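Engineer: okay, sequence plus prediction incoming.
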Amino acid sequence: MLVVNRIRKTIKSKVILNDISLTLNAGTIYGFVGRNGSGKTMLFRAISGLMKVDAGDISYQGKKLHQDFLVLPNLGITIENAGLYPEFTGLKNLQLLAKLNRKIDTEQIKKSIKRVGLEPNDSRSFRKYSLGMKQRIAIAQAIMEQPDLILLDEPTNSLDEEGVRLIRQVIREEKQRGAMILLASHNKEDIQLLADKVFYLDAGRLVDEVYPHAE
Ligand SMILES: Nc1ncnc2c1ncn2[C@@H]1O[C@H](COP(=O)(O)OP(=O)(O)OP(=O)(O)O)[C@@H](O)[C@H]1O
């Protein structure tokens, strides 16, 4: 279980996250919606541990972030530019990242690349990838270690129709595997089709909890 307890964040006197509390469970997809700049990405950064909050706390399986661990363990995330090297292939990039945790081997990395519809042995460097391919490899990286918690920020952005279908299927499979998934998206269909529960953010505040199939 992930518990976000009254977190606040102010940057340059602007309140970015305003007293946000959430209790989230495994095997569930949570949708986060709201206008540009409403705080979805910042909330994900706070939950992952990439950004410290000014007040409140975040705990996962009873352990506190920044106290018991620096970043959440067993976390897959697409929000950052994943730190991929432009000169290396997608596979080589993921192999380098996988070395950090030493949890998976090349076969498992290749499987993850295939799952998002890319060719693991593609010899092109990441620099030459199209926007959609970059998006796919970021998702492959987020899921490759079978994390318990997956944070996806606009995962279907810049994907073609087939890519959107495929990535939605991957997200469903990850849920079935038991992962907790946080999904920020401006794509209404993503939210309606995938989310079990939806939170609405407005100017850093969690204003509403809405149900995706209500409309
Ligand atoms: N590096 C930064 N430094 C200062 N303020 C920032 C920074 N990044 C984002 N912000 C501010 O934080 C607020 C929340 O931004 P955030 O990126 O979380 O919004 P979002 O809901 O993800 O938006 P979008 O729908 O455009 O992705 C905005 O007011 C934004 O200007």
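Structural biologist: In hand now; what should we look at?
Engineer: excluding chain neighbours, what is closest to residue 73?
Structural biologist: If the residues on either side of it in the chain are set aside, residue 73 comes closest to residue 60, at 7.7 Å by Cβ to Cβ, 6 or more residues apart in numbering. Every residue, glycine included, has its C-beta placed from N, CA and C.
Engineer: look up the residues forming beta bridges with the one you found.
Structural biologist: Note on residue 60: beta-bridge partners by DSSP bridges are residue 2, residue 63.
Engineer: can you map out the helices along this structure?
Structural biologist: 40-48, 90-101, 106-115, 131-143, 161-177, 188-194 (DSSP state H).
Engineer: among those helices, which comes closest to the ligand?
Structural biologist: Comparing the helices of the chain by their distance to the ligand (Cβ to the nearest ligand atom), the top pick is helix 40-48, with 3.3 Å.
Engineer: please name the residues that touch the residue nearest to residue 73.
Structural biologist: Going by Cβ atoms under 8 Å, 6 or more residues apart in numbering, residue 60 touches 1, 2, 3, 72, 73, 149.
Engineer: in a markdown table, list the helices of the chain along with mean neighbour count and mean pLDDT.
Structural biologist: Shown next, in a markdown table, are the helices of the chain (neighbours: other Cβ atoms under 10 Å; pLDDT from 0 to 100):
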| stretch | mean neighbour count | mean pLDDT |
| --- | --- | --- |
| helix 40-48 | 23 | 95 |
| helix 90-101 | 17 | 93 |
| helix 106-115 | 17 | 98 |
| helix 131-143 | 22 | 95 |
| helix 161-177 | 16 | 97 |
| helix 188-194 | 17 | 95 |
